[in-house]
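K.L.:
sharing a sequence plus its predicted fold:
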Amino acid sequence: MNFFRGVMGGQPAGPQPSGAETIQKLCDRVASSTLLEDRRDAVRALKSLSKKYRMEVGTQAMDHLVHILQTDRSDSEILGYALDTLFNIICNDEEEEQDESEDAVTPIPVAGKHKTVCTPDENAQKQADDLGTQFTDKFIQDSENVTLLLTLLEEFDFHVRWPGVKLLTALLKNQCAQVQGIILVSPMGVSRLMDLLADSREVIRNDGLLLLQQLTKGNAAIQKIVAFENAFERLLDIITEEGSSDGGIVVEDCLLLLLNLLKNNSSNQNFFKEGSYVQRMKPWFEVGDDNSGWSAQKVTNLHLMLQLVRVMVSPVNSPGATASCQKSMYQCGLLQQLCTILMATGVPADILTETINTVSEVIRGSQVNQDYFASVNAPSNPPRPAIVVLLMSMVNERQPFVLRCAVLYCFQCFLYKNQKGQGEIVATLLPSTIDANSISAGQLLCGGLFSADSLSNWCAAVALAHALQDNLTQKEQLLRVQLATSLGKPPVSLLQQCTNILSQGDKINRRGSKVQTRVGLLMLLCTWISNCPIAVTHFLHNQENVPFLTGQISENLGEDERLVQGLCALLLGICIYYNDNSLENYTKEKLKQLIEKRIGKENFVEKLGFITKHELYSRAAQKPQPVFPSPEQMLFDHEFTKLVKELEGVITKAVHKSSEEEKKEEEVKKTLEQHDSIVTQYKELIREQDAQIQELKEQVASMTSQNEQLQTSITQQLSQIQQHKDQYNILKLKLGKDSQSQANSQGDSSQVNGLQTEEITQLRDEVEELRKQNALLQTQLSDKDTLVNTLRSEAAQTAEGSAGGPDNTELLKELEALRSQVQSQMTEIHTLQTERQELLKRAEAGPLDSVPSSESSTDTAPTAELESRLAAQTSETERLKEEVRSLSESRAGLEQQLASATSTVAILQTEKGKLQTEVQESKKEQDDLLMLLADQDQKIHSLKQRLKDLGETVEDEDDLDARDQTDDDEEEDEDNED
C-alpha cells in the first residue's frame with residue numbers, strides 16, 4: 001500500500017520513477033496480485049494516469065484490462081475502472097476533467113451529452129486521432145472483446161453500464177465499419193443496445209442515443225434491425241416527453257437518429273409510413289402566434305424535423321412511396337400545418353427557408369396537394385395567395401439568396417406535372433384576365449424578367465419556363481401576351497421583348513452577371529419554342545433573330561460567353577428541328593445552308609457541345625432543387641438539363657442531314673402516318689371486338705354460375721324427394737305392424753262347468769252376450785283395418801298418379817329420367833364450355849398476332865392479313881352469340897324441369913300430410929278398441945273367478961291347450977298300437 005500512496009498521494013524522498021516505470025509496476029501488480037483490493041487499486045491508478053500517459057497505458061495495460069473484464073465480473077467497481085481506462089486511451093476527444101480522490105466514488109453526471117472540445121493544435125489532434133485509431137484496431141483485433149463489451153452492457157450497475165456505452169461509442173467513432181460488422185454478427189447484439197433506450201437513468205439513455213447514432217451510420221442492415229426493434233415508437237415517445245420542438249439537446253439526438261434510420265432506406269421509410277408515424281409528426285409544427293425569441297436549440301430541432309419530413313417525400317425516393325407519403329401528410333393535416341408556418345410572422349429566416357423547401361417537396365407532383373397550396377392565402381389585407389407572396393420575395397433583390405432559391409424551388413414544384421396550375425399562371429398574363437387592382441403571379445414574373453437585377457431575371461425566366469414545361473397549349477397561349485413598353489409606342493409581344501433584351505447584349509444595364517440574364521432568357525426561349533412549331537414560326541418571323549443567333553455563334557468570345565454561344569446554337573437548332581417550313585425564307589433547308597455558310601456544321605456542333613461540357617451543367621442535372629453556393633453560379637435549371645440531353649443528339653443529326661434525306665424522311669413519315677391511321681382504325685375495330693368478346697365471356701360466366709346454382713337446387717330437391725319416400729316407407733311399415741298386433745289379440749273364450757243350473761244358465765247367457773259383443777268388436781276392428789288398407793292404397797295410387805304411373809316403380813323411373821336429362825344437360829353445357837374456351841383462345845390469339853404484324857411493315861400485305869383476321873374474329877363472335885343463345889334455352893329447360901320437380905314434391909308433401917292425419921286417427925280408434933278388449937278380458941276373468949267360487953271347473957286356455965295336446969298324443973298312441 002505504501003507503493004500506491006507514493007503514486008497516488010504525496011511525494012516520497014529520493015529519485016522519482018518515470019511514468020513508464022510506474023505504469024509497468026502497476027501492470028505487474030494487476031497481473032500478479034491475488035487480492036481483489038490490490039488489483040482494484042492498481043486499475044484505479046492506471047485510470048488516473050491514462051490521460052496523461054495515454055501511449056504508455058495503452059501499449060502496456062490494454063491486455064491486462066481486458067483480462068480484468070473477463071475474470072473480475074463479480075466486482076462492478078473494478079469493471080468500471082477498467083472500462084474508464086480503456087475509454088481514456090481509445091477516445092480521441094478531450095473530456096472534461098473530473099476531480100477524483102483515491103477513495104472517491106464516481107459521481108453520476110446530470111447530462112448525457114458529451115461536448116467535444118477541439119484542441120487548438122491541429123497536429124497534436126491528428127496525432128491523438130491516429131493513436132485512438134491504433135488502440136481501437138488493437139482492441140477489436142479480437143472480436144470477442146467487442147462481444148464481451150456487449151455482454152457487460154447488460155449489467156444494470158451504473159458504474160459498469162455507463163462506461164461501457166461510452167467505450168463502445170468511441171470504438172464506433174474510430175472504426176465504424178469494422179465494429180458494425182462485429183455487432184451485426186453478434187447474437188442479439190443490436191437488441192442489447194436498443195435496451196439502453198428503456199433505461200430509467202437519463203444519462204445512460206441519452207448516451208445510448210449517441211451510441212445508436214454512430215451504430216446506424218451508413219449500414220442499411222443495422223438500420224433495418226434497429227427500426228424493427230420498435231425504435232420509431234421509442235424515439236417519438238422520447239421526443240414527446242422532452243417537449244417536441246421546445247425540448248433540449250435530447251430531442252436533437254433523437255431526430256438525428258431518425259434521420260439516420262430513414263435517409264436513403266426505402267424499407268424503413270415504408271415501415272415508418274405503414275406504422276402511422278407520419279401522423280405523429282403533425283404536433284411538432286404547432287407554432288403559436290407569438291414567435292418572438294426562438295432559442296437556438298428550438299431552431300435546430302425544428303430544422304431537423306423539417307428535414308425528416310423532406311426525407312419521406314424526397315424526389316430521389318420511388319414515385320409510389322413519395323406519392324403515398326404526400327397523401328398521408330395531406331390527410332393528417334401536416335401540409336396545412338406547414339403552410340401555417342409558411343405564412344406566420346416572426347419565424348426565423350432559416351426555418352422559413354427550410355419550411356418552403358419542405359412544402360415544395362410535399363406538393364411536388366401531387367395534384368391534390370398542389371390544389372390545396374393554390375388555395376392558401378396569406379393573412380394580409382386584402383388576402384393574397386401564398387404563391388403571389390412568395391413570388392414577391394423571389395423577385396425582391398433585398399431578400400436572402402437562399403430564401404429566393406427556396407421560393408423558386410417551391411414554384412417549380414407547384415407547377416411540376418400540374419397543367420391546371422400552369423394554365424392558371426399563364427392566364428394571369430393574358431389580356432382578358434388582368435386585374436389592374438391586384439398583383440398577379442404573371443405580373444410579378446414579367447416584372448422580374450425585365451428588372452435591373454440579373455438574379456431576378458434568371459429566376460423569373462426559369463419560373464416562366466416551368467409554366468410552359470411539356471404543355472403545348474400554354475406555349476401557344478403565351479404568344480398572345482402583349483407588353484406596353486412606353487407611351488406612344490405600340491405594344492410588343494412577350495416573345496419579341498425577350499429577344500430584344502437578348503440582342504442588346506452588353507448594352508443592358510444589370511446589377512450582377514449579364515451572362516446570367518442572357519442565359520435565363522435563352523433557357524426560357526428554348527423551352528418555349530421546343531415542340532411548338534407555331535412558336536418557332538413566331539420567333540423566325542422577326543427578321544433580326546436569326547442574324548443575331550448566327551452572329552453570336554460565329555464570334556470568338558471569351559470563356560464567360562461560350563455558354564451563351566452554346567445556348568444560341570441550341571435555340572437555332574430547335575428552330576430547324578421543329579420548323580414546319582411555313583416561312584419561305586426560313587425553311588429547314590435554308591437555315592441549314594445558312595449555318596453551313598456562316599458558321600460551319602462542325603463549328604456549330606462544337607458550340608452546341610459547350611452546354612454539356614460546362615462545369616455547372618452536371619451539378620444542376622443531379623437533383624431538382626436549385627442549390628448554389630453563390631448567385632453567380634446560378635446558371636442552369638434541372639429541367640432544362642433534361643431538355644438539352646433530349647435535343648442535343650437530334651439537332652446534331654438534323655443539321656448533318658441532306659435535303660434528299662430530309663425528303664425521304666418526310667415521305668417515310670407520311671407513309672408511316674397513313675399506315676398508322678389504317679392500323680389505328682383496325683386497332684379500334686379489334687378493341688371493339690375484344691370488348692364484345694369480353695361481354696360474351698361475362699355472359700357465359702354468369703350463365704355458368706346460374707346453371708351451377710340450378711344444378712345445386714335440383715340436387716337438393718332430389719334429396720328432399722328421397723327423404724319423403726323414406727318417410728313414406730317407414731309409415732307403411734309402422735301401419736303393417738299395428739294391424740298384425742291387432743289381429744293377434746282377437747277373441748278369448750272360456751268354459752263354465754259344475755255350476756248350479758240357474759246360475760250356470762245365467763252366466764252362460766252373459767258369456768254368450770259378451771262373446772257376441774266381442775265378435776262385433778272384432779268385426780268393427782277388421783272393418784277399420786280394411787279402411788286403413790284402403791286409405792293406404794288410395795294414397796299410394798294418388799302419389800303414383802301424380803308422377804304419371806300406377807306404382808312406385810314408375811315414380812322412380814320418372815326420377816331417373818329426370819336425372820338422366822339433367823346429366824345430359826350437364827354434358828351439353830360442359831361441351832359448350834370447352835368450345836367457348838377454344839373460341840376465346842383463338843379470339844385472344846387473333847389481336848395479339850394482328851397488332852404487331854400490322855405495325856411491323858409499311859406495305860399493304862399486313863393490311864390484307866388484318867382484314868382476314870378481322871373477318872375471322874367477326875365470324876367467331878357470331879358463333880359465340882349462337883352458343884350463348886343455346887345456353888339460354890338450355891337454362892330455360894332446366895328451370896322448367898326444376899319447377900315441375902318442385903310441384904311434384906309439393907304434391908307428395910300434401911299427400912304425406914293427409915296420410916299422417918289418417919294414420920293418427922286410425923291409431924286413436926285402435927287404442928279405443930284395445931281398451932274395450934281389455935275391459936272384456938277383465939269381465940271374463942271375473943266371471944271365471946265366480947264360477948270357480950261356485951265350484952264349477954273352469955279351465956284356462958292354457959289347460960285346454962294342454963288337454964287337447966294330451967288327447968292328440970293318446971290318439972296317436974292308439975293308432976300306433978292298432
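P.N.:
Noted; the coordinates are in hand. Numbers count the residues shown, from 1 in each chain.
K.L.:
return the set of buried residues in stretch 574-592.
P.N.:
Using 16 or more other CB atoms under 10 Å as the test for burial, stretch 574-592 gives 574-579, 586-592. To be clear about C-beta, it is placed using only N, CA and C from the backbone, and glycine gets the same treatment.
K.L.:
between those residues, which sits nearest residue 617?
P.N.:
Nearest to residue 617 among the buried residues of stretch 574-592 is residue 574, at 17.7 Å by CB to CB.
K.L.:
for this protein, name the helix or strand with the lowest mean pLDDT.
P.N.:
The weakest-scoring helix or strand in the chain, judged by mean pLDDT, DSSP states H and E, is helix 2-8 (a mean of 43).
K.L.:
which helix or strand lies directly C-terminal to that helix?
P.N.:
helix 19-32 (DSSP states H and E).
K.L.:
need the next SSE after that next one, C-terminal direction.
P.N.:
Past helix 19-32, the next helix or strand by DSSP H and E is helix 36-49.
K.L.:
sorry, back to before: residue 258: which of the buried residues of stretch 574-592 is nearest?
P.N.:
Nearest to residue 258 among those, with distances taken as CB to CB, is residue 574, at 46.5 Å.
K.L.:
my guess is residue 573 contacts residue 651. True?
P.N.:
Yes. Using CB atoms under 8 Å as the test, residue 573 is close enough to residue 651 to be in contact (3.3 Å).
K.L.:
and residue 709, which of the three is it?
P.N.:
Each residue gets one of three states, and residue 709 gets helix by DSSP: H, G, I helix; E, B strand; the rest coil.
K.L.:
which among the buried residues of stretch 574-592 gets closest to residue 906?
P.N.:
Of all the buried residues of stretch 574-592, residue 906 sits closest to residue 578, with 81.6 Å by CB to CB.
K.L.:
what's near enough to touch the spatially closest residue to residue 198 that is not a sequence neighbour?
P.N.:
Residue nearest to residue 198 in three dimensions, not counting chain neighbours: residue 234, with 7.3 Å by CB to CB, 6 or more residues apart in numbering. The contact partners of residue 234, by CB atoms under 8 Å, 6 or more residues apart in numbering, come to 194, 197, 198.
K.L.:
try 10 Å
P.N.:
Shown in contact with residue 234 (CB atoms under 10 Å, 6 or more residues apart in numbering): 194, 197, 198, 205, 254.
K.L.:
quick check: closest non-adjacent residue to residue 399.
P.N.:
Using CB to CB, 6+ apart, the nearest residue to residue 399 is residue 393, at 4.9 Å.
K.L.:
anything in contact with each of residue 573 and residue 651?
P.N.:
Joint contacts of residue 573 and residue 651 (CB under 10 Å, 6+ apart) are 604, 605, 608.
K.L.:
of those, buried ones?
P.N.:
Applying 16+ other CB under 10 Å to the shared contacts of residue 573 and residue 651 flags 604, 605, 608 as buried.
K.L.:
confidence score at the last one?
P.N.:
It stands for residue 608. Residue 608 is assigned a pLDDT of 92 by the prediction.
K.L.:
do the same with the second one
P.N.:
In this prediction, residue 605 carries a pLDDT score of 92.
K.L.:
likewise for residue 732?
P.N.:
pLDDT at residue 732 comes out at 78.
K.L.:
could you say which helix or strand contains the residue nearest to residue 351 when sequence neighbours are not counted?
P.N.:
Excluding the flanking residues, the one nearest residue 351 by CB to CB, 6+ apart is residue 302, at 5.6 Å. In the assignment (DSSP H and E), residue 302 maps to helix 296-312.
K.L.:
buried stuff in that helix?
P.N.:
Quick answer for helix 296-312 (16+ other CB under 10 Å): 298-312.
K.L.:
packing partners for the helix or strand harbouring residue 144?
P.N.:
Element membership for residue 144, per DSSP H and E: helix 143-152. If contacts are counted by 3 or more CB pairs under 10 Å, 6 or more residues apart in numbering; DSSP states H and E, helix 143-152 sits against helix 54-71, helix 76-90, helix 122-140, helix 158-174, helix 176-185, helix 189-194.
K.L.:
please save the CA atoms from the fourth one in CSV.
P.N.:
This points to helix 158-174. The C-alpha coordinates for helix 158-174 follow below in CSV (Å, rounded to 0.1, in the frame of the first residue of the first chain):
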residue,chain,number,x,y,z
PHE,A,158,-24.4,2.3,-13.4
HIS,A,159,-20.6,2.1,-12.9
VAL,A,160,-20.4,-0.6,-15.5
ARG,A,161,-23.1,0.3,-18.0
TRP,A,162,-22.3,3.9,-18.5
PRO,A,163,-18.5,3.5,-19.1
GLY,A,164,-19.4,0.6,-21.4
VAL,A,165,-21.7,2.7,-23.5
LYS,A,166,-19.0,5.4,-23.8
LEU,A,167,-16.3,2.9,-24.7
LEU,A,168,-18.4,1.3,-27.5
THR,A,169,-19.3,4.8,-28.8
ALA,A,170,-15.6,5.7,-29.0
LEU,A,171,-14.9,2.4,-30.8
LEU,A,172,-17.6,3.1,-33.4
LYS,A,173,-16.2,6.7,-33.9
ASN,A,174,-12.7,5.4,-34.7
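K.L.:
helices or strands up against that helix?
P.N.:
Partner elements for helix 158-174 (3+ CB pairs under 10 Å, 6+ apart): helix 76-90, helix 122-140, helix 143-152, helix 176-185, helix 202-215.
K.L.:
for residue 246, which of the ones you listed is the nearest?
P.N.:
It is, among the helices and strands packed on helix 158-174 and with distance given as CB to CB, helix 202-215, at 17.4 Å.
K.L.:
tell me the mean pLDDT over the closest one?
P.N.:
Helix 202-215 comes out at a mean pLDDT of 94.
K.L.:
report the buried residues of the helix or strand that that helix is followed by.
P.N.:
Using DSSP H and E, the helix or strand that follows helix 202-215 in sequence is helix 220-226. Buried residues in helix 220-226, defined by neighbour count with 16+ other CB under 10 Å: 222, 223, 224, 225, 226.
K.L.:
again with stretch 47-58
P.N.:
So stretch 47-58, judged by 16+ other CB under 10 Å, has buried residues 47, 48, 49, 50, 53, 54, 56, 57, 58.
K.L.:
pick out the most distant pair among those.
P.N.:
Between any two of the buried residues of stretch 47-58 (CB to CB), the greatest distance is 14.8 Å, for 48 and 58.
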